[in-house]
Structures are given as C-alpha cells and as structure tokens.
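>>> No sequence on hand, only this structure:
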C-alpha cells in the first residue's frame, strides 16, 4: 500500500533534512500509529504520503503508484483513493455538514441516489445525522473531527491518513474517534494515525512507527 | 449537488473583487462598444461622402463660352464609358451657389457649370485632357487631392481607434488576471481542501472561469445596453447622423463587448491554472 525506499526530504533553503533516509512498507489493511515529538518530521512524512511533497531522494510508492515523474493530474486521481484527516479539521464553513461530507463525491459529478445514501449512512455512523444542515462553525471540536473523518471515508478510500485526529477533542471523544478508525480498518482500509498521545497509543495494540529528527524506527507490539 | 457544492465551497460569488470586475467590464465594454460604433459610423460617413465626391465632377466654363463648344464637349465626354450623364446647371442654381460671394448691386455674368455623373472607374486625367483640348479656358474640379487627404485622416482616426482598442484589451486582460489571482489567493484554504479531496487543477480552474464568465456576461449585457441607449440618444440629438448608423454599427456595438467577454474567459483560464499550480 505504502512503500518508501531510502526517502529523504530537505525543505528549500534548509540545511537539515526533515526526513532522513526513511524506508518503510505498510501492508494493505494494516493499522499503524506514527508518533514523535513536534518538529520530528511527522507532518513532513504525512505531506509526503498525501503527495503535497515529493522526496528529494529515494523512492516512494503509494497505492501501487511510483511518485517519481508523477503528474499533478495523477496526484489528484490518487488522492481520490485516500482519506486525509487533519488536526485542524479543514472543513468549509460555507458548506453544511452534509455538503462537507459529500465534497469528495461532488467533485466527480452529479451525486447518485446511492451516493447520497452513502453520505447519510456515514453521517449516521459518526453520530451526526441530526446535524446535517448545520455549518461547521456551529459544531464542537469533536463533532468537527467526526465530520472530517466522515468526509475522509465517504468515498471508501484504500488509505486513511489521520494527523492528530484526537488532538483537539477530550479523552472520551478521542476514544470514540479511534474506535471509528479501527472499525474502518476492519473493513480493509489501511490506516496511519499520527499522534503524540501515549495513553491513546497504549490503549490499542497496533504497531508504532517512531520518528525522531527525521529518522524512522518501527516498534511492533 | 455536485459541481454546485464545489462552486459554493470556493465562494467566489461573494468575493467583492469579482463584483468590482463586473463593474469594470461593464464600463470598459461600454467604452469599447461606443468607440467601435463611432469608428464604423465614421467609416460609413466617409464612404458615403467619398462615393458622392467620386461620382460627381464639375466643369466650370466662362460665361461667354459658346453653346456650340459646350455641346461638342458634352458629346465627346458622353462617349466615355465612366460618364453616365451630364447636367447643365441652371443659372438660378449657379447664382444661388455664388450668392454669398457676390456684392448685391453688382451684376456679374454667371459662369456655366457642367455636372458630370460618373462611375467609380472615373479617369480624371482623361477628362482634363478632353476639356483642355475642347475648351482650354475651362476648369475641371479635381477632388482627388481632397479625397486623398480625407482618406488619410480617416485611416489615421481608425489607426488611433485600433491602438485604443488594443490598450482596452490589454487593460481588461490585466484586470482579469489580477482579479483571478487575488480571488484565488483569498480562497487558498478552500482551494487546498478541494485539492486534498481529489479535485484536479482543471476542475478548480473551471470553477474560477465560471465566475469570470458570469461577470463577463453581466459586463456584456450591461455594456451593450448602455451602448444601445447611448446610440439612441445620439440619434435623437443629432438626427442627421442616423444615416450613418447602419446595421454594421450595431453589429460592432454588440460584438466588441462579446469579444471582451471571450478575452476575459481565456485570460482567467490561463491565470487560474498558473495560480493553482502555485506559479
């Protein structure tokens, strides 16, 4: 699903490598935690996985696509098979909850009755069926995060990348969100969750990837 | 649902900069439309005048010129293919023409005037040669110099109008380019979110172009309406100009704002793609 071979990344005008010779392979249907301190390189690695950044050196393969010489059109097509959850939710306040969740399907054309039902089902799954007509700025942090998750999974992605999905919610809501992600993983989606919440990581028996100063180590439980 | 949602997500419709673009397109479209219509009217007026001048040649004869010589000259001139008729201007008409130059109590013998109706193939040199040969004291009114200088004047005015048109097109391209850039940069976060959910550059560019197209169409309707009112007003104020406001004037008055609409859409398409790619 994801394969990195000796991947390094250096930001322009920076002397230090943000990612240093990382090699990693994540199997289809796996669940991994990515942990590390702030500035360790988590966000850079995530940006690379959703192809906002491309490796300075090394090979990156995402969902059976080599990213060397990848075009912008191919990137957008590849992102349609990914779900991305951001710590700051990145929802659109001009749209309702329903429209935010339907956005990945909307860009593909007119929504079919089946797709509309899928949006309703996902909102039901994250427990926000009663908030469909609300705008995100009226929601709590936990609700926003659930909307973000619903949007990320509405097109049944092969890969879900979540950056600190529990960072802005209380412990209870954090656990609820994690259970949603686990449930999704059980249906075959490869999940990678970045978090620095040690307690949360310890509550689940999933392999951990640790990143420090741009170098990656794997901790199997 | 569908593209509508993405369009709403980008919220360009409510962006004040696009409202400003709409006003600019109305005003510039109006200016271009009225300018174009004026130039075409001028061309119509020039063509009309040129045709009148080219199809009429006057020969002035001394008062004492014998009738026999005049008849002889008339016959010779009528044998030329490009001369379709010769009118002997009546004394009353000549007097009326010269009235302003004559002192009231002075009785001047009036010159005789022959008015030649000609085709566009008029050969002035040939007419001059015939007249010189038959009646050497006669004068042929040769309008070619005046025609040439007026033609140069008209061409100069048209050249200036063309330059102004190019400047207007350039200004519109610049305004559309800056508006598209500013509009998309103000919506950077929304653009990024659309990209994260898989929207391609073309998809986002089309949403932007759609907004510019909307502004352009409003600009087109607004500027064409203003032009139509302006032309009507000109016609009512100066009815003599109505003769020169033909179908081609209306055609240009509508086509120029439409052309501006097209330029705006093409420029926005090009710029939107560049901005989305981060250039």
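Thanks, I have the structure now. Quick caveat: nothing in here was measured; it's all calculated off a predicted structure.

>>> Please make it C-alpha for all contacts and neighbour counts, starting now.
Fine.

>>> Chain B against chain A: which residues are in contact?
Proximity of chain B to chain A (CA under 8 Å from any CA of the partner chain) is limited to residues B:1-3, B:5-6, B:8-9, B:11, B:190, B:193-201, B:203.

>>> rerun that using 6 Å as the cut-off
For chain B, the residues in contact with chain A (CA under 6 Å from any CA of the partner chain) are B:2, B:197, B:198, B:199, B:200.

>>> and the fourth one, what helix or strand is that in?
Okay, so that is residue B:199. Residue B:199 belongs to no helix or strand when elements are defined using DSSP states H and E.

>>> what's around it, how many residues?
By other CA atoms under 10 Å in any protein chain shown, the residues close to residue B:199 number 26.

>>> How about the contacts made by it?
residue A:76 (CA atoms under 6 Å, 6 or more residues apart in numbering or on different chains).

>>> what's the answer for the last one, then?
Residue B:200 makes contact with A:73, A:76, according to CA under 6 Å, 6+ apart.

>>> Find the residue at the geometric middle of chain A.
Geometric centre of chain A, nearest residue: residue A:161, 1.9 Å, by CA atoms, centre = their mean.

>>> would you turn the residues of chain B next to chain A into CSV with pLDDT?
What follows is the residues of chain B next to chain A, written out as CSV (pLDDT from 0 to 100):
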residue, pLDDT
B:2, 62
B:197, 93
B:198, 92
B:199, 92
B:200, 92
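
>>> so what's the backbone phi/psi at the nearest residue to residue A:1 once chain neighbours are set aside?
Nearest non-adjacent residue to residue A:1, counting by CA to CA, 6 or more residues apart in numbering or on different chains: residue A:63, 4.7 Å away. In terms of degrees, to the nearest 10, the main-chain angles of residue A:63 are phi 40, psi 50.

>>> so where is chain B shaky, pLDDT-wise?
Chain B contains residues with pLDDT under 70 at B:1-3, B:102-107, B:279.

>>> quick one: the strands in it?
B:56-61, B:83-88, B:112-118, B:139-140 (DSSP state E).

>>> now those strands in CSV, with mean neighbour count?
Shown next, in CSV, are the strands of chain B (neighbours: other CA atoms under 10 Å in any protein chain shown):
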stretch, mean neighbour count
strand B:56-61, 19
strand B:83-88, 15
strand B:112-118, 20
strand B:139-140, 18
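
>>> now those as a markdown table including distance to residue B:223?
Formatted as a markdown table, the strands of chain B follow (distance: least, CA to CA, whole Å):
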| stretch | distance to residue B:223 |
| --- | --- |
| strand B:56-61 | 41 |
| strand B:83-88 | 47 |
| strand B:112-118 | 43 |
| strand B:139-140 | 49 |
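
>>> Quick check: the gap between the residue lying closest to residue B:216 once chain neighbours are set aside and chain A.
Of all residues beyond its chain neighbours, the one nearest residue B:216 is residue B:261 (4.9 Å), with distances taken as CA to CA, 6+ apart. Separation of residue B:261 from chain A (CA to the nearest CA, to the nearest Å): 27 Å.

>>> again, but for residue B:25
According to CA to the nearest CA, residue B:25 stands 28 Å off from chain A.

>>> Distance-wise, check the residue nearest to that residue when sequence neighbours are not counted relative to chain A.
Nearest residue to residue B:25, sequence neighbours excluded (CA to CA, 6+ apart): residue B:219, at 4.8 Å. Note on residue B:219: its distance to chain A, by CA to the nearest CA, is 27 Å.

>>> The residue in the stretch 151-279 of chain B positioned nearest to chain A: how many residues sit nearby?
Across the stretch 151-279 of chain B, the shortest distance to chain A (CA to the nearest CA) belongs to residue B:198, at 4.5 Å. Residue B:198 has 26 neighbours, counted by other CA under 10 Å.

>>> who does the lengthiest helix in chain A touch, helix- and strand-wise?
If you go by DSSP state H, chain A has its longest helix at helix A:171-186. Taking 3 or more CA pairs under 6 Å, 6 or more residues apart in numbering or on different chains; DSSP states H and E as contact, there are no helices or strands that helix A:171-186 lies on.

>>> give me the beta-bridge partners of residue A:8?
Beta-bridge partners recorded for residue A:8 (DSSP bridges): residue A:57.

>>> Now for it, how many residues are close by?
22.

>>> Next: the one 5 residues further on.
For residue A:13, the neighbour count with other CA under 10 Å is 6.

>>> what does residue A:205 give?
Neighbours around residue A:205, by other CA under 10 Å: 12.

>>> How about residue A:127?
Other residues near residue A:127 number 14, with proximity taken as other CA under 10 Å.

>>> Kindly report the same for the one 10 residues further on.
Burial of residue A:137, expressed as a neighbour count using other CA under 10 Å, amounts to 14.

>>> One more: residue B:228?
Using other CA under 10 Å, residue B:228 is surrounded by 18 other residues.

>>> Quick check: residues of chain A near chain B?
Residues of chain A lying near chain B by CA under 6 Å from any CA: A:73, A:76, A:79, A:80, A:104, A:106, A:109, A:110.

>>> any weak-confidence spans in chain A?
Using pLDDT under 70, chain A drops low at A:220-221.

>>> Mind telling me which residue of it is nearest chain B?
Using CA to the nearest CA, the single residue of chain A nearest to chain B is residue A:106, 3.9 Å away.

>>> Show me what residue B:86 is bridged to.
With DSSP bridges as the criterion, residue B:86 is bridged to residue B:116.

>>> From chain A, how far off is it?
On the measure of CA to the nearest CA, residue B:86 and chain A end up 76 Å apart.

>>> Hmm, residue B:116 and that residue touching each other?
Yes - when contacts are counted by CA atoms under 6 Å, residue B:86 is listed as touching residue B:116 (4.6 Å).

>>> Any idea how many residues pack against residue B:137?
Residue B:137 has 12 nearby residues by other CA under 10 Å.

>>> ditto for residue B:75
Residue B:75 has 12 nearby residues by other CA under 10 Å.

>>> Ok, residue B:229 next?
12.

>>> The one 10 residues further on too?
Summarising burial for residue B:239: neighbours were counted as other CA under 10 Å, giving 11.

>>> One more: the one 10 residues further on?
Applying other CA under 10 Å, we find 23 other residues in the vicinity of residue B:249.

>>> what do you get for residue B:55?
Residues lying near residue B:55 (other CA under 10 Å) number 18.

>>> Go ahead and confirm it touches residue B:118.
Yes - the pair residue B:55 / residue B:118 is scored as a contact, 4.6 Å apart, by CA under 6 Å.
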